[in-house]
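In: Compute the structure for the input listed below.
(chains A and B)
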Amino acid sequence: MDLVEQFPVIIIGLSMFLAYTMLLTGYLNRRLPFFMSLAMNSFFLILSLFILNHVLTVGPIRYWQGGWRPPWGIEYVIDAMNAYLLVIVISMVILGLIYSRGNVRHEIEERKHVIFYTLVQLMAAGLYGITVTGDLFNMFIWLEIASLTAYALIAVAGGRALRPAYNYVIMGSIGACLYIFGVCWIYSVTGTLNFADMRLLLPLVYDNRAVQMAFAMIVVGVMIKAYIFPLHLWQPDVYTYAPSTISSMMASVHVKVMFYILIRMFYSVFTLEFIKHFIGLDLLICWVAAIAILAGSIWAIKQRNLKRMLAYSSVSQMGYILLGVGLSPLSPWGLVGAVAHILNHAIGKGCLFMCAGAISQQEGLKDIRDFGGLGKKMPYVCAAFTIAALSMIGIPLTAGFASKLFLINASLDAAQYPFVAVLLLSGLLNLVYFWRVIDQMYFVKHKETENGVEVKEKGKSLPISMVVPILILAALCIVMGIVWLTDIPMPLINHILSNLRMGVTL
Amino acid sequence: MELMTPLLAILCPAIAAALILPSRNHPNIRELWTIAASVAMFLLVLSMAPLIVKGETIEFTLFQSMFKGIYIGFKVDAFGEIFAITASSLWILVSIYSIGYMRTLKEHAQTRYYFAFCFAILGAVGVALSANLVTMFIFFEIITISTYPLVIHEQTPDALRAGHKYLAYLMPAGAFLLFGIMITYYLAGTTDFTPGGIKALATASPMIITVLFFAFLLGFMKAAWMPFHSWLPTAMIAPSPVSALLHAVAVVKAGVFGIVRIVGYVLGMDLMQELGLWLILAGIASFTMIVASFFAISQDNLKRRLAYSTISQLSYIILGAALLNKESIQGAMLLIPFHGYMKITLFLCAGAILVATGKTKISEMAGIGRRMPVTMLAFSVAAIGMAGLPPVAGFISKLYLCLGAWAVGSPYGMIFLAVILISSLLDIVYFFPIIITAFFKKPAEGIGASGEVKIKEAPLLVVVPLTITAIFSLVFFVYPNMFYISDLAKMAISQLFGGV
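Out: Sure, this is the predicted structure:
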């Protein structure tokens, strides 16, 4: 057995172990957990890059937990799709951690720091777990670890965050219940929990109502967690009042992993035929996505609180990914769009939430209308915000343009023309609500700068540890914008398509 | 032929922009970068001309995309080269002018101004050199975004409103353009510009081609055809050099350039003819030419009058493309540089008047010719050219347009010929009163005391560029092959129609 094949389980095992160790060492030294977490996650990033390389060059990794054979034991399966996602998740966790160093001090009381980092590490472990597992029930375990820690992390700031956190607990639990019900029903029909095994057994019972119902329950359950409109009601408050680090992490990776579950369900547990012929869900999903895209944008236009606006923008952007997933049975480009947007939205929205946190930390500003003259006071943050916002709008040479291009092509390829209009319109709506902010930052004349007197308060500048991740993500928006336009990601995309057995390559 | 020159030319303004930001506290060094980049870019662009005149096309592929048949790259043909030469040569003059203008008026945020200017010109030249629609779209959007800070430069509520209007027109236009491009790709499997049109489109259903045509037409709203023109007069709130280069040359010409590209290199003349789309395009252009001229007559603000004149003149180019014959398209291609030089002169004059006297309204400019003779002389030259009279370059291109309309034959050809002549007449109607007011009316208040007018021109950096552009407008009449323009146009025509 190749050493690389041990890496997934090393990542998972060490993550869990690390979380508890951090809690203990935290009592000795409060600053230690952060460094432990950062060091170990960086180590995981290296491992995940090895995994990605292995998957692309050799083939999928199958690891049997404890040596038990798959239908009985738990199997970890890493193919191109989750190797790619794992790299994204780990990188975003690392950037989030670096950012949190300056941000947490501001937003969370010091005595809670140890528990905060422990929970972040546990959430990361849960997300890594979902990403690598090849077992439906095991996935539920990781899902709950990731969700429960998320509830706690949102509430950790206390005060106004408590109510949204409570809402999220209720909604998240309903989602989890639906998911586990679905899993149970499938288990009762097939007697297995392993993805690969199910894929073999399920086609025989596709017309079984229990299976169809189970599928619907799992999809809806996951959709609640992925806040697809109209199941998004818990989300705006959560993103607004959670600590900025957590908003950023939730928007950039937590929700992407939920979409990963959806993609897995579609292609590794069930098959294209099932979705197309037995329940005809593909177009329904597309329309749900289209409504989400437009509704999210329109609600975002109405917001004045920056973080809340970004939250609604996320609702809209999740629609993009869902649209990609929905179109994928009809055109492989749909999946390409979804896969690309998972990364593009992670870096873009991650950056935007970090900027929002930085702005409220340095200047104490949350309302967009107060942002006048911010471009002079926080040049780097505002520049990063602008780039990430342009990426969200989908201006060429930013990452968002590539997603838009792929999805438009998918809609044309699938002969679903209304979605072309939806995507183009959404770009314009995004322009409306992001441009307001850019206008305020740079162009609207500000009282203090009008007289040529610049008010600079010393000692209120941002720690470098917050600026660096913001700038890295903004730079990534441009780098990925160019990379997606080239054929460099082609091998990855083809591996993903063939590993998900789409039966086509580009 | 594979050459890196197009990429290098595009990189010049990008590098300049990167250098402008760190040198924001040293105005002289900052402006040096702009000038250096503009000269370098012009020389690089011009260096391609001798090869292209010989019939070569210079290609440079940056990278293949994931879409089969789409790559990001440059392909410089004769037509693209004409536009690239126009934009890059005028950038040098406008850069010099900007220094004089911005410093005399003590404008704020000059670093932002030069920074955005670099990107705008990068976009314009990029559009000219693009090999296919996708590459072109990228540069198109760069133009839209980068000109926004220039339009709202004043940062007053009015300017912001103008900026919002600007985006409200041009961003949806971008969406239409993207739609058109994707449909083209979906139908033809390629978006490369092919002289005479992309073959695979000929088999598509007429309905889809018509939809495609309108998508492109709306996409090229930058050409300011009516009724989607009102962003352009509104955008005149920008500083004069911006109005001059961007809203007389770079932005709007990118729009008409796109339309000519669509007519000649994407849909193709045959398809346009077959589906009768040429008539729609020519109709829109004629409507715009006449109506915009009437609007121009009623404007008192000089820059707004010039803006309506631009709208009218742009439609000459569209009409030339729409008539689909050798003469008319050659006229359209020639009008791009010629109108560029003439209109930029007019805008630079308007800016010079603003710098020297602070006047923006025509009614307040009585007798200004006696105070600023060089400026108003340049203005007169350009105005004569606008009306299509010799001895200014405008005459040549309008002659070709008239020949083209004649070649179409009756009855449409005669109608369009009449439209061209009437519109030229209207040009005279709205330009000559300005000249008469400037030279022969009694000096108005603020121009000079009664009778006694001292010659007081704007600063040298302002006057020299506009003199040069006026002289060039004359030179182009005598020697149209300056910068290879005439040869390039002939080459483009022979590529489009085959044979020489």
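In: element containing residue 466, please.
Out: Let's take chain A. helix A:464-483 (DSSP states H and E).
In: if you could check chain B rather than the one you did, that'd help
Out: Assigned by DSSP H and E, residue B:466 belongs to helix B:460-478.
In: just residue B:343 next, same as before
Out: Per DSSP H and E, residue B:343 falls inside helix B:326-357.
In: how far is that helix from where the chain is centred?
Out: For helix B:326-357, the separation from the chain centroid amounts to 8 Å (computed by Cα atoms, centre = their mean, to the nearest Å).
In: buried residues in that helix?
Out: If you call a residue buried by 16 or more other Cβ atoms under 10 Å in any protein chain shown, then helix B:326-357 has these buried ones: B:326-357. Glycine gets a C-beta too; all of them are placed from N, C-alpha and C.
In: Just list the residues touching the nearest residue to residue B:400 once chain neighbours are set aside, thanks.
Out: With Cβ to Cβ, 6 or more residues apart in numbering or on different chains as the criterion, residue B:400 has its nearest non-adjacent residue at 3.0 Å, and that residue is residue B:331. Neighbouring residues of residue B:331 by Cβ atoms under 8 Å, 6 or more residues apart in numbering or on different chains: B:316, B:320, B:397, B:398, B:399, B:400, B:401, B:402, B:403, B:404.
In: Of these, which pair is most distant in space?
Out: B:316 and B:403 (13.4 Å; Cβ to Cβ).
In: The two - which one has more neighbours?
Out: Counted by other Cβ atoms under 10 Å in any protein chain shown, residue B:316 and residue B:403 do not tie: residue B:316 has more neighbours, with 28 against 16.
In: what's the spacing between the next helix or strand after the helix holding residue B:343 and its chain's center?
Out: With elements assigned by DSSP H and E, the helix or strand that comes after helix B:326-357 is helix B:368-371. Relative to its chain's centre, helix B:368-371 lies at 29 Å (Cα atoms, centre = their mean).
In: tell me what helix B:368-371 is packed against?
Out: Helices and strands touching helix B:368-371, by 3 or more Cβ pairs under 8 Å, 6 or more residues apart in numbering or on different chains; DSSP states H and E, are helix B:326-357, helix B:373-386, helix B:412-440.
In: any chance of those helices in CSV, with mean pLDDT too?
Out: Shown next, in CSV, are the helices and strands packed on helix B:368-371 (pLDDT from 0 to 100):
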stretch, mean pLDDT
helix B:326-357, 91
helix B:373-386, 91
helix B:412-440, 90
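In: Nearest to residue A:80, out of those helices?
Out: For residue A:80, the closest of the helices and strands packed on helix B:368-371 is helix B:326-357, at 48.9 Å, according to Cβ to Cβ.
In: relative orientation of that closest one and helix B:460-478 in degrees?
Out: Here the directions of helix B:326-357 and helix B:460-478 differ by 160 degrees (axes from the mean of the first three to the mean of the last three Cα atoms, to 10 degrees).
In: tell me the angle of helix B:326-357 relative to helix B:412-440?
Out: 20 degrees.
In: immediately after the helix holding residue A:466, which helix or strand?
Out: Per DSSP H and E, the first helix or strand lying C-terminal to helix A:464-483 is helix A:490-499.
In: is chain B contacted by that following helix?
Out: Yes: for helix A:490-499, a contact with chain B is found by Cβ under 8 Å from any Cβ of the partner chain, at A:490, A:493.
In: can you give me how far the helix or strand harbouring residue B:169 is from the chain middle?
Out: Using DSSP H and E, residue B:169 sits within helix B:157-188. Relative to the mean C-alpha coordinate of its chain, helix B:157-188 is positioned 18 Å out (Cα atoms, centre = their mean).
In: Tell me which helix or strand comes right after it.
Out: helix B:206-219.
In: from the chain's centre, how far out does that following helix sit?
Out: 23 Å.
In: so residue A:301 sits right up against residue A:432, yeah?
Out: Yes: contact criterion Cβ atoms under 8 Å: residue A:301 and residue A:432 qualify, at 5.6 Å.
In: any idea how far residue A:207 lies from residue A:128?
Out: 36 Å (Cβ to Cβ, to the nearest Å).
In: Which of the two has more residues huddled nearby?
Out: Using other Cβ under 10 Å, the more surrounded residue of residue A:207 and residue A:128 is residue A:128, with 29 against 10.
In: Report the contact partners of the more buried one.
Out: A:11, A:12, A:15, A:44, A:86, A:89, A:90, A:142.
In: now do 7 Å
Out: For residue A:128, the contact set (Cβ atoms under 7 Å, 6 or more residues apart in numbering or on different chains) comprises A:11, A:12, A:15, A:86, A:89.
In: in whichever strand or helix holds it, what counts as buried?
Out: Assigned by DSSP H and E, residue A:128 belongs to helix A:113-132. Neighbour counts over helix A:113-132 (16+ other Cβ under 10 Å) mark A:113-132 as buried.
In: Just the C-alpha atoms of it, please, in CSV.
Out: This file holds the C-alpha atoms of helix A:113-132, laid out as CSV (Å, rounded to 0.1, in the frame of the first residue of the first chain):
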residue,chain,number,x,y,z
HIS,A,113,-10.2,31.8,22.9
VAL,A,114,-9.1,28.3,23.7
ILE,A,115,-12.5,26.9,23.2
PHE,A,116,-12.9,28.9,20.0
TYR,A,117,-9.9,27.4,18.4
THR,A,118,-10.8,24.0,19.6
LEU,A,119,-14.2,24.3,18.0
VAL,A,120,-12.7,25.6,14.8
GLN,A,121,-10.4,22.7,14.7
LEU,A,122,-13.3,20.3,15.4
MET,A,123,-15.4,21.9,12.7
ALA,A,124,-12.5,21.6,10.3
ALA,A,125,-12.2,17.9,11.2
GLY,A,126,-15.9,17.4,10.5
LEU,A,127,-15.6,19.1,7.1
TYR,A,128,-12.5,17.0,6.3
GLY,A,129,-14.4,13.9,7.4
ILE,A,130,-17.4,14.6,5.1
THR,A,131,-15.0,15.2,2.3
VAL,A,132,-13.1,11.9,2.5
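In: The residue nearest to residue A:466 when sequence neighbours are not counted: how many residues sit nearby?
Out: What sits nearest to residue A:466 in space, not counting adjacent residues and going by Cβ to Cβ, 6+ apart, is residue A:102, at 4.0 Å. Neighbours of residue A:102 under the rule other Cβ under 10 Å: 21.
In: The one 10 residues further on now?
Out: The number of residues packed around residue A:112, counting by other Cβ under 10 Å, is 14.
In: and the nearest residue to it once chain neighbours are set aside, how far is that from chain B?
Out: Spatial nearest neighbour of residue A:112, chain neighbours left out: residue A:156 (5.9 Å); criterion: Cβ to Cβ, 6+ apart. From residue A:156 across to chain B, the span is 39 Å (Cβ to the nearest Cβ, to the nearest Å).
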